[in-house]
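Q: Sequence first, then the predicted structure:
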Amino acid sequence: MQELPPILVAEDDDDDFFFLRRAIRTAGIENPILRFRDGAELIKFLEQIPRSEVGPAAGSPWLLLLDITMPMMNGFEVLGWLKSHRRLPRVRPVMLSGSYRPDDIARATALGAIDYLLKPITPAVLAGVMAKGLVPSLQG
């Protein structure tokens with residue numbers, strides 16, 4: 001059986017991460033979850049990954065659940081960094097926000113986000129993201 005790609009979660013708030021992780025598991029998604037507390041920590045991790053694991057020749061894309069408001073580097077800054085680092089085309093960023101702001105949605109989309117989700121994230125919403133076929137998962 002092929003190993004499932006990780007779900008990368010950049011979320012600084014412990015409570016938001018707790019509920020997000022619970023929603024992922026409740027949705028039956030069994031992919032490993034890697035948490036980063038800010039954008040700088042996430043980018044440091046991404047810079048160390050061999051091209052073969054996330055580049056064009058890699059198998060499955062990785063889902064990135066990315067909070068907008070984080071210390072060090074916010075979600076928009078991370079999206080800008082991802083856009084300028086084309087060696088990571090298999091990372092699929094989804095923005096997470098506590099508020100619905102059309103200008104934030106437009107900015108996230110322009111920077112390459114594939115979706116924009118409002119917190120709190122429910123299992124049904126996560127299952128819908130995974131069902132789009134963007135990232136393989138095992139769902140109960």
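A: Okay, I see it.

Q: Give me the distance between the residue nearest the centre of the chain and residue 84.
A: For the chain, residue 64 is the residue whose C-alpha lies nearest the centre (C-alpha atoms, centre = their mean; 1.4 Å). Residue 64 is 15 Å from residue 84, where distance means C-beta to C-beta, to the nearest Å. For glycine as for every other residue, the C-beta is placed from the backbone atoms N, C-alpha and C.

Q: Ok, residue 45 next?
A: Distance from residue 45 to residue 84, by C-beta to C-beta: 17 Å.

Q: Of all the helices and strands in this protein, which has the lowest average confidence?
A: helix 51-54 (a mean of 66; mean pLDDT, DSSP states H and E).

Q: show me the contacts for residue 40.
A: Neighbouring residues of residue 40 by C-beta atoms under 8 Å, 6 or more residues apart in numbering: 72-73.
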